[in-house]
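*Asks:* Predicted model and sequence follow; I will ask about them next.
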Amino acid sequence: MEHKHICVLPPEAVAEQMAAADRVRALWQESGQPSPCVLVMTFGCQQNEADSEKLLGMALRMGYIKTDKPEEADLILVNTCAVREHAEQRALSIIGQYKHLKAARPSLIIGVFGCMVSQPHRAEQLKKSYPYVDFALGTASLHRMPSMVLSRLRQGKRQFCPTEEVYPIAEGLPIERSSGYRAWVSVMYGCNNFCSYCIVPHVRGRERSRRREDVAAEVSELVRRGYRDITLLGQNVNSYGKDLGLGYDFADLLAELDGIEGDYTLHFMTSHPKDADRKLIDVMAASSHVAHHFHLPLQAGSDEVLRRMNRHYTVEKYMDILSYIRQKMPDCVISSDIMVGFPTETEADFAQTLDTLRRARFDMTYSFIYSPRRGTPAADMPQLDEATKGERMRRLLDVQNAISLQINQRHVGEILRVLCDGASKNDPHTTGGRTDGNKLVFFDTNEDLTGRFLSVRIDRADTFALYGTVVK
Ligand code: 5AD
Ligand code: SF4
């Protein structure tokens, strides 16, 4: 799939969708029925969470009110992921469960979005085997949701649009944020890297950066409204700006945003090691608002595997970046993504990954078993058997969990700044929050401190969380 270079969607095209949204609202009002309900279901990464906030924003403008109960919904929007087979199967199984909802309520409209349906074979599968799905829009055309719903309300045909010629940036869509103090801000979309295992470049198109003034305006507005934690998002966030050709890069953007006055923290994800230059690390170290937190996927600790993955760096090059980060920011929390069972990964390759984990000493890692993705080069390489992959995953977790535990225990006695997230989901008697380095912290409090920065003294630590006492 080749995508032409883009562009910002013309404002008229956004206005056209808003007009469709208003038309839908009017139709519901004219019908005299109570306000209709919308359910947005999201799979996958933070980029998808951010996209879903736009889907919900548009749906509210269309007169829908939010529900969490599928059986109450008049409109169900499923935002899918394709990064691993498991994510696709979960989305398909949820969509499958909606069949009986449609039977019970034929006026229900079901739309599917995101990376899974950006693959023509999946869009085709939905069209053929899921006749109760009304429409599907790939990542290029999420903004067209209002006109799709309007068309279906007017008995228009089902439509399935996995890809478009261009992947435009739609500025100015309404966003209904899920939190009043943590926000996602997409700064660039798409990816040019073509790692040999990865579906993302195939489903999200080439890299497109938002205009710096659009990003700055959005972040300033969030800070003004009291947002405390802002995460800049991009599939390859630190290559921001390259496509704009203005000589203004991600480090420049970060420095500019850091200049916005207020009580807030900036995070960013996800970075590619090949674009993690010293300038970016220097800007982080000198900034007032950028968290000392770096998520830098390593993927594998064998140069041969990295080469087959098309990652464009060696283990030594990666370790150089780590030491520069630690030299400039000794307190920096560093996390990584690791993949096991990449095609042709030998026991010796895997042993090098374990060895690199021991040298790198990440605070935490997200580890994944390789999952073949149709249309990517790695899917055609000789595959490992499931048992080997599973066994390597267990060994990887053993090594990393021991490191995470050791590092977390070093925090005992420290006082860390924590952004409070309110009552913990698992235990309503405990309150949870996250440090600037994104570590989970639990503590007791009688007050509702949600959305506030607290000083918490760490009393105890385990592999996945810290436990402490609020001191301020
Ligand atoms: N199989 C397993 N994991 C994958 N990732 C990306 N593609 C695949 C795949 N085909 C992992 C990478 C990436 C993270 C978001 O998901 O580790 O960094
Ligand atoms: Fe999944 Fe990648 Fe798409 Fe995010 S960008 S939803 S991780 S496939």
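*Replies:* Nice, I can see it. Ligands and ions are numbered 1, 2, ... in the order given.
*Asks:* what residues does the stretch 1-150 of the chain put near ligand 1?
*Replies:* When proximity is defined as C-beta under 6 Å from any ligand atom, the stretch 1-150 of the chain approaches ligand 1 at 83-84. Where you see a C-beta, it was placed from the backbone N, CA and C, and this is true even at glycine.
*Asks:* One more pass at 8 Å, please.
*Replies:* Within reach of ligand 1 by C-beta under 8 Å from any ligand atom, the stretch 1-150 of the chain has these residues: 45, 83-84.
*Asks:* Among these, which one is most surrounded by other residues?
*Replies:* V83 (21 neighbours; other C-beta atoms under 10 Å).
*Asks:* just the helices in the stretch 301-450 of the chain please.
*Replies:* In the stretch 301-450 of the chain, the helices defined using DSSP state H, counting those that start in this stretch lie at 303-308, 315-328, 347-360, 386-409.
*Asks:* hey, which of those is tucked in deepest?
*Replies:* Looking across the helices of the stretch 301-450 of the chain with neighbours counted as mean count of other C-beta atoms under 10 Å, the highest average goes to helix 303-308: a mean of 18.
*Asks:* Compute the number of surrounding residues for S107.
*Replies:* Neighbour number of S107 under other C-beta under 10 Å is 11.
*Asks:* before we move on, back to that, closest to ligand 1 out of the helices of the stretch 301-450 of the chain?
*Replies:* For ligand 1, the closest of these is helix 386-409, at 10.0 Å, according to C-beta to the nearest ligand atom.
*Asks:* now V38, which residues is it bridged with?
*Replies:* When bridges are called by DSSP bridges, V38 pairs up with K66, L75.
*Asks:* which residues does it contact?
*Replies:* If a contact means C-beta atoms under 8 Å, 6 or more residues apart in numbering, then V38 has 56, 59-60, 62, 64-67, 73-77 as its contacts.
*Asks:* ok, of those residues, which one's closest to ligand 2?
*Replies:* For these, the minimum distance to ligand 2 (C-beta to the nearest ligand atom) is 14.4 Å, reached by L77.
*Asks:* Contacts for the one helix or strand the closest one maps to, please.
*Replies:* Remark: L77 resides in strand 75-80, with elements defined by DSSP states H and E. Strand 75-80 is contacted by residues 36-44, 48, 51-52, 55-56, 59, 64, 70, 87-88, 91, 94-95, 98, 101, 108-117, 145, 149 when judged by C-beta under 8 Å, 6+ apart.
*Asks:* if you set the cut-off to 6 Å instead, what comes out?
*Replies:* Here strand 75-80 makes contact (C-beta atoms under 6 Å, 6 or more residues apart in numbering) with 38-43, 48, 51-52, 55, 64, 91, 95, 109-114, 116.
*Asks:* filter those residues down to the ones close to ligand 2.
*Replies:* Restricting these to those near ligand 2 by C-beta under 8 Å from any ligand atom leaves 43, 48, 114, 116.
*Asks:* what's near enough to touch the nearest residue to the first one once chain neighbours are set aside?
*Replies:* Yep, that's F43 we're talking about. Ranked by C-beta to C-beta, 6 or more residues apart in numbering and with sequence neighbours excluded, the top spatial neighbour of F43 is C81, at 4.3 Å. C81 sits next to 43-44, 87, 115 when contact means C-beta under 6 Å, 6+ apart.
*Asks:* Quick one: name the residues of the stretch 201-350 of the chain near ligand 1.
*Replies:* So the stretch 201-350 of the chain meets ligand 1 at 270, 297, 299, 337-339 (C-beta under 8 Å from any ligand atom).
*Asks:* Buried ones from the residues you listed, can you make that a PyMOL selection?
*Replies:* Filtering these down to the buried ones (16 or more other C-beta atoms under 10 Å) takes a single PyMOL command:
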select buried, resi 270+297+299+338+339
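*Asks:* would you turn the residues of the stretch 201-350 of the chain next to ligand 1 into JSON lines with distance to ligand 2 and pLDDT?
*Replies:* Converted to JSON lines, these look like this (distance: C-beta to the nearest ligand atom, whole Å; pLDDT from 0 to 100):
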{"residue": "T270", "distance to ligand 2": "9", "pLDDT": "96"}
{"residue": "P297", "distance to ligand 2": "12", "pLDDT": "98"}
{"residue": "Q299", "distance to ligand 2": "14", "pLDDT": "98"}
{"residue": "D337", "distance to ligand 2": "11", "pLDDT": "98"}
{"residue": "I338", "distance to ligand 2": "16", "pLDDT": "98"}
{"residue": "M339", "distance to ligand 2": "13", "pLDDT": "98"}
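*Asks:* ok, the residues of the stretch 201-350 of the chain next to ligand 1 vs S141, which is closest?
*Replies:* T270 (23.8 Å; C-beta to C-beta).
*Asks:* Buried residues, stretch 109-120. List them.
*Replies:* Residues of stretch 109-120 classed as buried: 109-119 (neighbour count, 16+ other C-beta under 10 Å).
*Asks:* Pull it out as PDB, backbone CA atoms only.
*Replies:* Output in PDB follows, covering the C-alpha atoms of stretch 109-120 (Å, rounded to 0.1, in the frame of the first residue of the first chain):
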ATOM      1  CA  ILE A 109     -25.800   1.400  14.200                       C
ATOM      2  CA  ILE A 110     -22.400  -0.300  14.500                       C
ATOM      3  CA  GLY A 111     -19.300   1.300  13.100                       C
ATOM      4  CA  VAL A 112     -15.800  -0.200  13.200                       C
ATOM      5  CA  PHE A 113     -12.600   1.900  13.000                       C
ATOM      6  CA  GLY A 114      -8.900   1.800  13.400                       C
ATOM      7  CA  CYS A 115      -5.900  -0.400  12.400                       C
ATOM      8  CA  MET A 116      -7.700  -3.700  12.000                       C
ATOM      9  CA  VAL A 117     -10.100  -2.400   9.400                       C
ATOM     10  CA  SER A 118      -7.400  -0.500   7.600                       C
ATOM     11  CA  GLN A 119      -6.400  -3.900   6.200                       C
ATOM     12  CA  PRO A 120      -8.500  -4.500   3.100                       C
END
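*Asks:* Start at 42, not 1
*Replies:* All right, first residue 42 from here; so that's stretch 150-161.
*Asks:* Tell me how far that stretch lies from the chain's centre.
*Replies:* Averaging C-alpha positions (C-alpha atoms, centre = their mean, to the nearest Å) puts stretch 150-161 17 Å from its chain's average.
*Asks:* before we move on, what about stretch 70-80?
*Replies:* Here stretch 70-80 is found 31 Å from its chain centre; the criterion is C-alpha atoms, centre = their mean.
*Asks:* Give me the buried positions along it.
*Replies:* 77-80.
*Asks:* which two in these are spaced the farthest apart?
*Replies:* P77 and L80 (11.0 Å).
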